[in-house]
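[1] Curious how this folds, go ahead:
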Amino acid sequence: MEAVLDCCTAGFVRAVGVTDMSCEELKLVLDAGFTLSMHTAACSVIDRRALSPEHDELRKRGGYKLFGHGVLCGGLLSDKYIGVPEPGFHTLTSFSQRRFLGTIRAWGDWNLFQELLFVLRSIGEIRGSRSVSEVALGWLLAQPQVSGVVLDAKYNDVSYPRTVLRAIRGLVLEPSDFSLIDSVVSAGRELHRAVGDCGAELKHVVS
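    Below is the predicted model:
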């Protein structure tokens, strides 16, 4: 960390971003003298850890932006999974999907997740034939703490860019939509308590 700070001081590094850091880790980075440009963290309608007041205070102190990844839970937050049995880890095609299935299980169970999918689809139908993914993404982009999102398109899913554009263009969620979504999400466990702060699940995998 000291070597990177030296490079920043010497002008060799123009910007520093971090990924999936807890409040404790972010404090260490800021206390060391780093000026951060962004924090990329798992963030979705289910995973709201990076939106906590504690993270807000650190963003204000450090002046960096929050960009969400895992915003569609590896594609699980989509119409494709409405009304289907819970997939097993071995049937999922990527680490991302397996990771976020673990997130869903830590938050609640597959039945509660189905309820959330149904609510998102119902809202989407009211707001102009929008998909589950569009409403989930629209919810996240409406959060004042979020500056942008990172979507995984490495599997050449051409619908992802279209989902982003449709969520940005013309999708306006009403207060009743937010309340309905929150009522389902709040029926599950708070991930900060169930798993830990941002990135905790990755540390468990590594260890």
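[2] tell me how far the ends of stretch 186-199 are from each other?
    Separation of the first and last residues of stretch 186-199 by CA to CA, to the nearest Å is 21 Å.
[3] same question for it, mean pLDDT?
    Per-residue pLDDT values across stretch 186-199 average out to 94.
[4] By neighbour count, which bits of it are buried? Give me those.
    Of the residues in stretch 186-199, 188, 191-192, 195, 197-199 count as buried by neighbour count, 16 or more other CB atoms under 10 Å. To be clear about C-beta, it is placed using only N, CA and C from the backbone, and glycine gets the same treatment.
[5] Can you give the contact residues for it?
    For stretch 186-199, contacts defined as CB atoms under 8 Å, 6 or more residues apart in numbering pick out 19-25, 41-42, 46-50, 52, 55, 103, 106-108, 112, 115, 201, 203.
[6] one more time with 6 Å, if that's ok
    With CB atoms under 6 Å, 6 or more residues apart in numbering as the test, stretch 186-199 has contacts from 20, 22-23, 41, 47, 49-50, 106-108, 112, 201.
[7] just how off-centre is it within its chain?
    Relative to the mean C-alpha coordinate of its chain, stretch 186-199 is positioned 13 Å out (CA atoms, centre = their mean, to the nearest Å).
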